[in-house]
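# A predicted structure for the sequence below; I have some questions about it.
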Amino acid sequence: MRVGIVGTGFMARVHAHAVRAAGGRVTRVAGSSPSRAREVAADLRAEQASASVEDLVADPDVDVVSVCTPNHLHVPMATAALAAGRHVVCEKPLALDPEDAGRLAGLAADSGKVHAVPFVYRFYPTVREARERIARGDAGRLWLLHGSYLQDWLASASATNWRVDTGRGGASRAFADIGVHWCDLMEFVTGHRIVALSAAVARAHEARGETATPVATEDGASVLFRTDRGALGSVLVSQVSPGRKNALTFSFDGTEASFAFDQQQPETLWVGGTTGNRIVQRDPEHLSGPAGRYAVLPPGHPQGYQDCFNGFYTDVASAVAGAQADGLPTFEEGARAARITAAVVASADTGDWVDVPA
Ligand code: SOE
């Protein structure tokens, strides 16, 4: 699997490691300029730097294009890659609005090519174990789905980033950036689908950066939702919660058992019951098949975020080879995330409950 990476930031590095872990080659890197591409290609040990994105997507030595750029460039770059007949991995959010996301998902579906969005938290073995146990009925009827995703990298008013800028990041920031991970994970693990939601957003800082630039995007969001199977849920999202780094947590509570997970302690899954609780270890010997597939190290050697990306690209490589694994997040999941985000923005604007299209 020969991969051309578009983008030169933190995610490009994570994607490059994962491509190699999956047995692929990083054959090209393109960036905001030829010189930046050369610098990062050397840093990532890519085989060549491409002078432009156009050169990269046209290069016969590229099977898969991985779009790791700021959000506003995702649609044009993924569209160009599909038009050139390449498979595409595109970082979330797929697009800044649901219409563009839907069009891109349609293009991808019609292309017959592999198309994937790295909702990578699906690839923790303990998450897959929760999904398997819930699917076989261990939770009973799930009725309360709750959790949060809290970070602190934007806690200071001096901290800023292209994600803060509406033009490059989109109308929503905290929810579009990390709330979508939580919602994808909830829907993937439980099989429920959000059908309506009520959201409120807030800002800790009205201006950011050295020039005190006014901010129009949210630092945090609180979302109440109902699902197609009658459950009630809530998720709290923040990028200004000091001490919380990537504190994605969920608790999915059923009539028989509750399943809880903490992304900062991913080696275990908590299973709550009225007569006692259990801690399920990430032990390949004792996980279900679909979970064990991603448990690549013996218990006691912790797996983490990069291992999730490695598992994601292993499944991308399988799909490129014609064997798509269960649970690969595609552009359809990217389009769904854009629909949920648009509902959050609309509800936060009006204060009303907003339906989320199927
Ligand atoms: C920044 O909030 C970020 O890198 C997100 O963009 C990623 O999607 C998330 O997995 C980690 O935090």
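Looks like it came in fine.
# for the rest of this, base every contact and every neighbour count on C-alpha atoms.
OK.
# look up how far residue 101 lies from the one residue sitting closest to the centre of the chain.
What sits nearest the mean C-alpha location of the chain, by Cα atoms, centre = their mean, is residue 119, with 2.9 Å. Computed as Cα to Cα, to the nearest Å, the residue 119 to residue 101 distance reads 15 Å.
# same thing with residue 291?
30 Å.
# which of these two has more residues huddled nearby?
residue 101 (25 against 22; other Cα atoms under 10 Å).
# quick one: pLDDT of the residue nearest to the centre of the chain?
Note for residue 119: predicted pLDDT of 98.
# which ones are touching it?
92, 181, 184, 185, 329 (Cα atoms under 8 Å, 6 or more residues apart in numbering).
# helices and strands around the helix or strand where the third one lies, which ones?
Put plainly, it is residue 184. Using DSSP states H and E, residue 184 falls within helix 180-190. Secondary-structure packing of helix 180-190 (3 or more Cα pairs under 8 Å, 6 or more residues apart in numbering; DSSP states H and E): helix 125-135, strand 142-150, strand 247-254, helix 331-350.
# pLDDT on it, on average?
98.
# neighbouring contacts of that helix?
119, 121-122, 127-128, 130-131, 134-135, 142, 145, 148-149, 192-194, 235, 248, 250, 252, 327, 333, 337, 340-341.
# please repeat the previous calculation with a cut-off of 7 Å.
Contact with helix 180-190 is made by 119, 121, 122, 130, 131, 134, 149, 193, 337, as judged by Cα atoms under 7 Å, 6 or more residues apart in numbering.
# domain parsing for this structure?
Per the record, the chain has its domains at 2-120, 125-298+328-350, by automatic domain parsing.
# centre of the chain to the last one, how far?
So that's domain 125-298+328-350. 10 Å (Cα atoms, centre = their mean, to the nearest Å).
# pull the most distant pair out of the contacts of residue 119.
Spanning the widest gap among the contacts of residue 119 are 92 and 185, at 13.7 Å by Cα to Cα.
# which of these two has more neighbours?
residue 92 (28 against 20).
# verify the stated contact: the more buried one with residue 117.
Yes. Using Cα atoms under 7 Å, residue 92 is in contact with residue 117, at 6.2 Å.
# ok so, going back, now render the domains of the chain as JSON lines, adding distance to residue 358.
What follows is these, written out as JSON lines (distance: least, Cα to Cα, whole Å):
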{"stretch": "domain 2-120", "distance to residue 358": "12"}
{"stretch": "domain 125-298+328-350", "distance to residue 358": "7"}
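# and of those domains, who's closest to residue 314?
Closest to residue 314 of the domains of the chain, according to Cα to Cα: domain 2-120, at 4.6 Å.
# ok, now how distant is residue 271 from residue 95?
For residue 271, the distance to residue 95 equals 36 Å [Cα to Cα].
# what's the neighbour count on residue 61?
With neighbours defined by other Cα under 10 Å, the count for residue 61 comes to 16.
# quick one: residues contacting it.
For residue 61, the contacting residues are 2, 27, by Cα under 7 Å, 6+ apart.
# let me know the outermost residue of the chain.
Quick read of the chain (Cα atoms, centre = their mean): farthest out is residue 275, 35.2 Å.
# what do residue 92 and residue 117 both touch?
residue 334.
# whichever strand or helix holds residue 104 to helix 331-350, inter-axis angle?
Using DSSP H and E, residue 104 falls within helix 98-111. Angle of helix 98-111 versus helix 331-350, following axes from the mean of the first three to the mean of the last three Cα atoms, to 10 degrees, is 170 degrees.
# helix 98-111: how far from the chain's middle?
Distance of helix 98-111 from the chain centroid (Cα atoms, centre = their mean) equals 18 Å.
# what are the contacting residues of that helix?
Contacts of helix 98-111 (Cα under 7 Å, 6+ apart): 79, 82, 94, 95, 115, 331, 332, 335, 338, 339, 342.
# out of the residues you listed, who has the most neighbours?
residue 94 (31 neighbours).
# so that residue: helix, strand or coil?
Assigned with DSSP: H, G, I helix; E, B strand; the rest coil, residue 94 falls in the coil class.
# measure it to residue 222 for me?
22 Å.
# try residue 153
According to Cα to Cα, residue 153 and residue 222 sit 19 Å apart.
# one more: residue 274?
Remark: distance between residue 274 and residue 222 (Cα to Cα) = 29 Å.
# the two: which is more packed in?
The neighbour count for residue 274 versus residue 222, taken as other Cα under 10 Å, is higher for residue 222 (19 against 9).
# tell me the bridge partners for that one.
residue 200, residue 236 (DSSP bridges).
# hang on, isn't it packed against residue 199?
Yes. Between residue 222 and residue 199 there is a contact under Cα under 7 Å: 5.7 Å.
# where do the helices sit along the stretch 251-358 of the chain?
For the stretch 251-358 of the chain, the helices defined by DSSP state H, counting those that start in this stretch cover 289-292, 305-320, 331-350.
# quick one: which of those helices is nearest residue 25?
Ranking the helices of the stretch 251-358 of the chain by their distance to residue 25 (criterion: Cα to Cα) puts helix 305-320 first, at 11.0 Å.
# that closest one: which residues count as buried?
305, 307-320 (16 or more other Cα atoms under 10 Å).
# circling back: and the contacts of helix 180-190, which two are furthest apart?
Of all pairs drawn from the contacts of helix 180-190, the greatest distance, 22.5 Å, lies between 134 and 337 (Cα to Cα).
# the two: which has the busier surroundings?
The neighbour count for residue 134 versus residue 337, taken as other Cα under 10 Å, is higher for residue 337 (26 against 22).
# show me what contacts residue 204?
Counted by Cα under 7 Å, 6+ apart, residue 204 has contacts residue 219.
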